[in-house]
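Enquirer: heads up, no residue letters with this:
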């Protein structure tokens, strides 16, 4: 079994967009790629079968914080890891739980040791140290394990962002030490990705990129963006980080974002994305389509018997009408959540697939500029 491999296949001549293939022991991932978020071992409202047949997902996420609390590492190990527990034979990435702990700002305490927090389920107290997080992620069995980091809020002052970045680097040293001193549990190779931090400050981001690059990990992540800072600043920092991370390693921008965010960041050289937006917005009746945004709750769709999105290569999107999906939402039928979530995820996966096609074709910049405008239209 081999360490994750990244083959860079094509770089756009007008932008920094690129195509590659990531090879893991659970299969290949064609980049740029969007990864559906399966926080507790389930992508909300979407079965694993539908993720394969309709969404065409190549890799999904699991979350260390949530899986640690429930079902717990004992159950995961007894099942043979998350892949076997959820019957998923494609790659899995596990988040470290750093962002979830960050969001528990009222009930957590950060120290050099790690983070003490109260579980949202029952209020019980737990410590996440870098070592413990590595052990949990080993038990989860993800192909890609994220290092434990501190995620500072958007707009953090310089001193906070600097202290946070330096703590993240010290934690990374401990993560790497624990990772290298423990074995893969389930007979396939796990890979550790470090995370660049540094808030919205160029000198801090540069220092973090340089430190992370020196680790020579099989891939690198950009964290701490889309957490409250202005959109222009997010783009600026993302672009800056891509310029200072190794070209021969995949770059993963964590937690971003809208379809147009993704296209803009692909143009900057990002390879991997994840976000809860397609499923969360879908459950709230917002559909992303090849023609623009649809609020399916609106009266205007009541008698629209055309497919949800006839141009999308997704059976669900072509099979059901807008009028029927609106009826399901108005009737509070659970099927509405499933159809909308499958559609939005299929749209996201198709979007990055189209981006890849246009990078290879050499007309990515023109296509991207047209799509960024089109996708933001309200229909």
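Expert: Received, thanks. Since the structure is predicted, the reported quantities are computational estimates derived from the model, not experimental observations. Numbering: from 1, shown residues only.
Enquirer: Can you tell me the closest non-neighbouring residue to the residue nearest to the spatial centre of the chain?
Expert: Compute the mean C-alpha point of the chain, and by CA atoms, centre = their mean the closest residue is residue 274, 1.9 Å away. Beyond its immediate neighbours in the sequence, the residue positioned closest to residue 274 (CB to CB, 6 or more residues apart in numbering) is residue 35, lying 4.3 Å away. Quick note: C-beta positions are derived from backbone N, CA and C, even for glycine.
Enquirer: re earlier: mind listing what the residue nearest to the centre of the chain touches?
Expert: Going by CB atoms under 8 Å, 6 or more residues apart in numbering, residue 274 touches 34-37, 61, 93, 252, 254-255.
Enquirer: Please parse this protein into its domains.
Expert: Using automatic domain parsing, the domain ranges for the chain come out as 5-275, 282-375.
Enquirer: is it possible to export these to TSV including mean pLDDT?
Expert: Output for those, formatted as TSV (pLDDT from 0 to 100):
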stretch	mean pLDDT
domain 5-275	95
domain 282-375	98
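Enquirer: in whichever helix or strand residue 75 is part of, what's buried?
Expert: Using DSSP states H and E, residue 75 falls within helix 73-79. Of the residues in helix 73-79, those scored as buried under the neighbour-count criterion (16 or more other CB atoms under 10 Å) are 73, 76-77, 79.
Enquirer: Between all of those, which two are separated the most?
Expert: 73 and 79 (10.6 Å; CB to CB).
Enquirer: hmm, back to that, neighbouring contacts of the helix holding residue 75?
Expert: Around helix 73-79, the neighbours that count as contacts under CB under 8 Å, 6+ apart are 67, 82, 85, 135-136, 139-141, 185.
Enquirer: Mind giving me the ChimeraX command for buried ones among those?
Expert: Of the contacts of helix 73-79, the buried ones can be selected in ChimeraX as follows, counting by 16+ other CB under 10 Å:
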select :67,82,85,135,136,139,140,141,185
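Enquirer: Between the contacts of helix 73-79, which sits nearest residue 202?
Expert: Proximity of the contacts of helix 73-79 to residue 202 was ranked by CB to CB; the top entry is residue 136 with 33.6 Å.
Enquirer: distance of that closest one from residue 175?
Expert: Using CB to CB, to the nearest Å, residue 136 is found at 12 Å from residue 175.
Enquirer: Also residue 11?
Expert: When CB to CB is applied, the distance between residue 11 and residue 175 equals 31 Å.
Enquirer: Which of those two has more residues huddled nearby?
Expert: Under the criterion of other CB atoms under 10 Å, the comparison of residue 11 against residue 175 puts residue 175 first, with 27 against 14.
Enquirer: so where does the more buried one fall, helix or strand?
Expert: Per DSSP H and E: residue 175 is located in helix 158-180.
Enquirer: Which SSE is immediately downstream of that helix?
Expert: strand 191-193.
Enquirer: Parallel or antiparallel, which strands does that following strand pair with?
Expert: Taking DSSP bridges as the criterion, strand 191-193 forms sheet pairs with strand 144-146 (parallel).
Enquirer: Contacts for the partner strand next, please.
Expert: Applying CB under 8 Å, 6+ apart, the set of residues contacting strand 144-146 from outside is 4, 24, 64, 91-96, 98, 134, 137-138, 179, 190-193, 195, 219, 221.
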